[in-house]
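J.: quick one: sequence plus predicted model below, questions after.
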Number of protein chains: 2
Amino acid sequence: MKTPKKVLSALKEGRKFLIAAHINPDGDALGSALALSSALSSLGKKTYVYSRDPVPRQYEFLPRHEKVISDLKNVRPAETMLVLVDCNCPERAALEEYRFKSSLVIDHHETEKDFGDVRWVDSGAAATGLMVYALIKALGIGINKEIATDLYTAIAVDTGTFRYGNTSSEVLMAGAALVKAGAEPGRIADALYETWDYRRFKLLVMTLHTLEMKSGIAMAYVTKDMFRKTGTGEDDTENFSNFPRMIDSVKISIFLRELGKDTWKVSLRSKGDVNVAKIAEQFGGGGHRNAAGCKIKADLESARRLLFRAGRK
Amino acid sequence: MKTPKKVLSALKEGRKFLIAAHINPDGDALGSALALSSALSSLGKKTYVYSRDPVPRQYEFLPRHEKVISDLKNVRPAETMLVLVDCNCPERAALEEYRFKSSLVIDHHETEKDFGDVRWVDSGAAATGLMVYALIKALGIGINKEIATDLYTAIAVDTGTFRYGNTSSEVLMAGAALVKAGAEPGRIADALYETWDYRRFKLLVMTLHTLEMKSGIAMAYVTKDMFRKTGTGEDDTENFSNFPRMIDSVKISIFLRELGKDTWKVSLRSKGDVNVAKIAEQFGGGGHRNAAGCKIKADLESARRLLFRAGRK
């Protein structure tokens, strides 16, 4: 990966940086921001890492995550270079109200925005972490265990730990180098994937037990009673709708969560070309082709019947 | 990884090979055997790949899997070199009744057996696939897309696609080289993880429903009756023992599969430093620190009690 000279110059010349992750930060945003902050600090520069939202529990193993700030009360924007990582406009980081001395964008999302004095957006990069890795190497900064852990996590999250189609030879080479520098793949994967609360696990099993399959549509549900029985809440169902995707014949996965009497929140997921946004729209919802949502007011049996019928079309 | 000269000589000198996977073959055994077979064939040698048990459905994407034989009716053992991969004694491959011209062992399991004219057992290797990869390179054989897919799968399966603690820098470097040679990580991961038969999924849910937690030990079981009810078989349970690891408080995951009346096959998995090989040894089994197995003759309740007791120590 080639690192643009203007990006390297901007980082070399700057003295004070606010490195910002996007709202609802994921491992790529946080790992990239923390790694870049460590690297620039080692050059004697002053850095802040900013995230409007708190660091999610599964990322609390990241070194120096506790230094992430969620407000700018100690930062003087007019003296500081804003570095957006894993996003490319200030709104995505909830920073649109501030005026910084200068700005730099490092991102791998496709974009229409045009923000940034210096901009490096490479939608071919599997993770922003790979871009930051290339930058740190190009700056001649040694990669210590902390930086290696941050960057390995960033890359792991955006490639499904090397399971997604974006896992190139280059991605694995970077992984190898970061392990050599001290990243521990087992410990990182455990932190990312093996930190389910037992109650949440029980709720998942209970939910999957309700799964019904018809013509490529998998439907499962969770009721308030199930939350009560397992001592869980609605946050615990995040990602549940993805599990039935592991079944080969599933084209659409539909997950219903009880909001109140005869009221259901519906999450729809699909594989490949199947467009679930169209289904959601029929019930007044919306979303993307492979991930959409809506609400339905009906008793469970009617809701399921309506959704099976809509999904079959 | 250093490849012993005597192993290279044995492969160079042999003309006819029976490359055998262990009973209930997994991706490491099958991928290693198929890769070695392709490589030796490219040198003009005659090879057979043998597995007593059928190739599990999730490995049917492996190139040339349809050539795996399950009997020796067309093989003349007295003229053939036996190559055991991913196991180190003929009993593990159900071949103890045959006398071969010579024998070679390529395995990464810790062992007490002493079989084989030439023996290469490296318990430090994350996968037998890595050993075969080193051999193929040392033999100067080009790695084509087929071999790359076989070896990548072998390594992926035994490292949990780079999620386990055995994921070293060397493992990721091998992955990178194999992707360069044509292995497709996304397609392989989909084949391994998103092609569950619906019946197998139902069996998993039923199994997880039996899960019991005590002092960091998660125990689940599958009975013949559950196979019958879901229309599944024993090879559908591969990897089941890993699921409870996602629970944060789980240190040991134990999975029992009914073999016959009051007879259970036990799979043990652990996180971090917890050594389940020690537990398996108490019951006459063995394995690695984080993955081991044994058999227990007892009724379900007694077996569970014994295992909970052994695990608590």
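T.: Received, thanks.

J.: what lines up beside the helix or strand of chain A at the bottom of the mean pLDDT ranking in the sheet?
T.: When each helix and strand of chain A is scored by mean pLDDT, DSSP states H and E, strand A:286-287 comes last, with a mean of 82. Neighbouring strands of strand A:286-287 in its sheet, by DSSP bridges, are strand A:291-297 (antiparallel).

J.: how far does the strand it pairs with sit from its chain's centre?
T.: 22 Å (Cα atoms, centre = their mean, to the nearest Å).

J.: list the buried ones in it?
T.: Neighbour-count burial for strand A:291-297 flags A:Ala292, A:Gly293, A:Cys294, A:Ile296 (criterion: 16 or more other Cβ atoms under 10 Å in any protein chain shown). Any C-beta I mention is one placed from the backbone N, CA and C, and that applies to glycine too.

J.: which element follows that strand toward the C-terminus?
T.: helix A:300-312 (DSSP states H and E).

J.: for that next one, list the C-alpha coordinates in CSV.
T.: What follows is helix A:300-312 as a C-alpha-only set of coordinates in CSV (Å, rounded to 0.1, in the frame of the first residue of the first chain):
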residue,chain,number,x,y,z
LEU,A,300,-47.3,-13.2,17.0
GLU,A,301,-49.0,-15.7,14.7
SER,A,302,-50.5,-13.0,12.4
ALA,A,303,-47.2,-11.1,12.2
ARG,A,304,-45.3,-14.3,11.3
ARG,A,305,-47.9,-15.2,8.7
LEU,A,306,-47.7,-11.7,7.1
LEU,A,307,-43.9,-11.8,7.1
PHE,A,308,-43.6,-15.2,5.6
ARG,A,309,-46.1,-14.2,2.9
ALA,A,310,-44.2,-11.0,2.2
GLY,A,311,-40.8,-12.8,2.1
ARG,A,312,-41.9,-15.4,-0.3
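
J.: what's the local residue count around A:Gly311?
T.: 22 (other Cβ atoms under 10 Å in any protein chain shown).

J.: run through the strands of chain A in chain order.
T.: A:16-20, A:46-50, A:81-85, A:102-107, A:118-121, A:212-214, A:217-222, A:252-260, A:263-270, A:286-287, A:291-297 (DSSP state E).

J.: which of the ones you listed sits most buried?
T.: With neighbours defined as mean count of other Cβ atoms under 10 Å in any protein chain shown, the strands of chain A peak in mean count at strand A:81-85, which reaches a mean of 28.

J.: contacts for it?
T.: A:10, A:14, A:16-22, A:29, A:32-33, A:36, A:90, A:92-93, A:95, A:98, A:100-107, A:115-116, A:128, A:132 (Cβ atoms under 8 Å, 6 or more residues apart in numbering or on different chains).

J.: okay, the angle between that strand and strand A:46-50?
T.: Counting by axes from the mean of the first three to the mean of the last three Cα atoms, to 10 degrees, strand A:81-85 points 40 degrees away from the direction of strand A:46-50.

J.: ok now strand A:81-85, how far from the chain's centre?
T.: With Cα atoms, centre = their mean, you get 18 Å for strand A:81-85.

J.: what mean pLDDT does it get?
T.: Average pLDDT, strand A:81-85: 98.

J.: ok, back up a step: pull the residues that contact the least confident helix or strand of chain A.
T.: Counting by Cβ under 8 Å, 6+ apart, A:Leu268, A:Val276, A:Ala277, A:Ala280, A:Ala292, A:Gly293, A:Cys294 sit against strand A:286-287.

J.: let's see that with 7 Å instead.
T.: With contact meaning Cβ atoms under 7 Å, 6 or more residues apart in numbering or on different chains, strand A:286-287 is reached by A:Val276, A:Ala277, A:Ala280, A:Ala292, A:Gly293.

J.: tell me the one among the residues you listed nearest to chain B.
T.: A:Val276 (17.1 Å; Cβ to the nearest Cβ).

J.: pretty sure the closest one contacts A:His288?
T.: No: contact criterion Cβ atoms under 7 Å: A:Val276 and A:His288 do not qualify, at 8.2 Å.

J.: higher neighbour count, those two?
T.: A:Val276 (27 against 13).

J.: contact residues of chain A facing chain B?
T.: A:161-165, A:167-169, A:172-173, A:175-176, A:179-180, A:185-186, A:189-190, A:193-198, A:201, A:205, A:208-209, A:213, A:245-249 (Cβ under 7 Å from any Cβ of the partner chain).

J.: at 6 Å instead, please
T.: With Cβ under 6 Å from any Cβ of the partner chain as the criterion, chain A meets chain B at residues A:161-165, A:167, A:169, A:172-173, A:175-176, A:179-180, A:185-186, A:189, A:194-196, A:198, A:201, A:205, A:208-209, A:213, A:246-249.

J.: got a quick PyMOL command for the buried subset of these?
T.: A single PyMOL command selects the buried members of those (16+ other Cβ under 10 Å):
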select buried, chain A and resi 161+162+163+167+169+172+173+175+176+179+185+186+189+194+195+196+198+201+205+208+213+246+247+248
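
J.: low-confidence ranges in the stretch 1-150 of chain A?
T.: Along the stretch 1-150 of chain A, segments meeting pLDDT under 70 span A:112.

J.: please enumerate the helices of it.
T.: A:5-13, A:27-41, A:128-138, A:145-158 (DSSP state H, counting those that start in this stretch).

J.: now the closest residue to A:Arg92 other than its chain neighbours: phi and psi?
T.: Leaving out its chain neighbours, the residue that sits closest to A:Arg92 by Cβ to Cβ, 6 or more residues apart in numbering or on different chains is A:His22, at 4.6 Å. When read as degrees, to the nearest 10, the backbone of A:His22 gives phi -80, psi 170.

J.: how about A:His22, what does it touch?
T.: Counting by Cβ atoms under 6 Å, 6 or more residues apart in numbering or on different chains, A:His22 makes contact with A:Ala29, A:Asp86, A:Cys87, A:Arg92, A:Ala93.

J.: list the buried residues of stretch A:110-125.
T.: A:Thr111, A:Lys113, A:Phe115, A:Gly116, A:Val118, A:Arg119, A:Trp120, A:Val121, A:Asp122, A:Ala125.

J.: how about the strands of chain A in CSV, adding distance to B:Met219?
T.: Compiled in CSV, these are given as follows (distance: least, Cβ to Cβ, whole Å):
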stretch, distance to B:Met219
strand A:16-20, 46
strand A:46-50, 42
strand A:81-85, 43
strand A:102-107, 46
strand A:118-121, 50
strand A:212-214, 28
strand A:217-222, 25
strand A:252-260, 28
strand A:263-270, 31
strand A:286-287, 40
strand A:291-297, 35
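
J.: nearest to B:Leu256, out of those strands?
T.: Closest to B:Leu256 of the strands of chain A, according to Cβ to Cβ: strand A:217-222, at 26.5 Å.

J.: what's the closest one packed up against?
T.: strand A:252-260, helix A:300-312 (3 or more Cβ pairs under 6 Å, 6 or more residues apart in numbering or on different chains; DSSP states H and E).
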